[in-house]
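Peer 1: Sequence first, predicted model second:
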Amino acid sequence: MKQIAILGAGPAGIEAASLLASLGHPVTLYEKESEPLGNITDKAFLFPNFADAQEVAVTMRAKLDNPNITLRCNTEVTQLLPSYIAGFQEENLTGTPVWKVNDELYDIVLLATGYTPFDAHRKEELGYGIYPGVHTSLEMEKMIREKRIINSVGDSPKRIVFLQCVGSRDEKSGNHYCSKLCCVTAVKQAIEAKKQLPYCEVYVFYMDLRMWGQGFEEMYRTAQQDYGVNFIRGRISEAGGTFDGRVQIKAEDTLLGRPMKMTSDLLVLMVGMEASKGTRELATQCRICGEYGFAQSKDPHLHDCQSDAPGLYVAGACKRPMTLSDSINDGRSAAYEILTSL
């Protein structure tokens, strides 16, 4: 029986492990955090149907209840090397190299190490970490989940501003790509804010809205028509604090071609997705590190779950920004590729 390792217990890794294990293949699933699915459990609701993120996580965790799956949490993989790089020439029966994962050997490895949120401290002009009224989209998720949306002095905000594309499509941060999730996340959070605070003014500043999933455009229309969310095409160039703990925003309305100022109780930065530290390091070690530090597949069309390294597969947001459903389906695809090789 071949030994399979999956690195990362996110949606892609769990889906692949579940499918392989259900067909009788033993899988060792590595996760550096204390619990799996950290990038789901830190959410409140999931688009487009506003499903409870915690319930979705419970359902996915149940897939790990299989005797063929060995879950190793609190285990960070720092070494991923094929035998020909690790200094020995051991091969399995098919002639492909054995992989060294830390100090253990595996016939097949699936890299599913996911993403990390962009660090908003890098956008100093937006005041994150400087002014208490500036928050990230992840912090807003926590406030929504706890039903406690408050400003810097503990009161219910009368105005909330969301800013798109923080750390994505941005020359300064070096990330020229779109993170795919920020637009729809802002719309979702704007609706949730209006549900909890019906009399609060909500604004969304955007470059352009990329609502490219099923039900996403409808949700955008609902935000405007049913909840009165205001959308402004423009960029915020600077944010500063006021004496009463609010946030002063300088921006440009690019439709009208005019500068504008606005004061808000909360400024929410919609942070994009970057390759995680583990993705960057492990992809570099096994020579599949692509643009922006993401793992590079063999071919984006026909062999997107394979890599150029024999016996090494890739799935999920370690390759590029993906939605939850994208990651789950990609995990299934990777499992299929592995089963074909077996």
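Peer 2: Received, thanks. Since we're looking at a predicted model, the values are computed, not measured.

Peer 1: Which segments of this structure make up each domain?
Peer 2: 4-114+276-341, 118-272 (automatic domain parsing).

Peer 1: first to last residue in the shortest one, what's the distance?
Peer 2: Criterion CA to CA, to the nearest Å; first-to-last residue distance in domain 118-272 is 5 Å.

Peer 1: same deal with the longest one?
Peer 2: The first residue of domain 4-114+276-341 is 12 Å away from its last residue (CA to CA).

Peer 1: Would you mind pulling the contact partners of stretch 247-256?
Peer 2: By CB atoms under 8 Å, 6 or more residues apart in numbering, the surrounding residues in contact with stretch 247-256 are 127, 131, 133-134, 161, 205, 232-242, 258-267. In this view, the C-beta of every residue, glycine as well, is placed from N, C-alpha and C.

Peer 1: Any of those buried? List them.
Peer 2: Buried by 16 or more other CB atoms under 10 Å: 127, 131, 133-134, 161, 205, 232-236, 239, 241, 262, 264-267, out of these.

Peer 1: Leaving out the residues flanking it, which one is nearest to residue 5?
Peer 2: Computed as CB to CB, 6 or more residues apart in numbering, the closest residue to residue 5 that is not its neighbour in sequence is residue 106, at 4.3 Å.

Peer 1: picking up where we left off before, so can I have CSV of the domains of the chain showing mean pLDDT?
Peer 2: Shown next, in CSV, are the domains of the chain (pLDDT from 0 to 100):
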stretch, mean pLDDT
domain 4-114+276-341, 92
domain 118-272, 95
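
Peer 1: Any idea how far stretch 283-299 is from the middle of the chain?
Peer 2: The chain centre lies 18 Å from the centre of stretch 283-299; the measure is CA atoms, centre = their mean, to the nearest Å.

Peer 1: what's the answer for stretch 41-54, then?
Peer 2: Centroid separation for stretch 41-54 versus its chain: 13 Å, with CA atoms, centre = their mean.

Peer 1: what comes up buried for that stretch?
Peer 2: For stretch 41-54, by 16+ other CB under 10 Å, it's 43, 44, 45, 46, 47, 48, 53.

Peer 1: cool, and stretch 21-37?
Peer 2: Buried residues in stretch 21-37, counted by 16+ other CB under 10 Å: 21, 25, 27, 28, 29, 30, 31, 32, 36, 37.

Peer 1: Just the ones in strands from these, please.
Peer 2: Among these, the ones falling in strands (DSSP state E) are 27, 28, 29, 30.

Peer 1: which residues does residue 185 contact?
Peer 2: With CB under 8 Å, 6+ apart, residue 185 has these contacts: 47, 137, 270.

Peer 1: no no, residue 189
Peer 2: 137, 140, 141, 144, 162, 268.

Peer 1: Just the residues you listed: which are in helices?
Peer 2: Members of those lying in helices (criterion: DSSP state H): 137, 140, 141, 144.

Peer 1: ok, and the closest non-adjacent residue to the first one?
Peer 2: Put plainly, it is residue 137. Nearest to residue 137 is residue 270, by CB to CB, 6+ apart, at 4.8 Å.

Peer 1: Downstream of the host helix or strand of the one you found, the next helix or strand is which one?
Peer 2: Element membership of residue 270, judged by DSSP states H and E, is strand 266-271. Downstream of strand 266-271, the first helix or strand assigned by DSSP H and E is strand 273-275.
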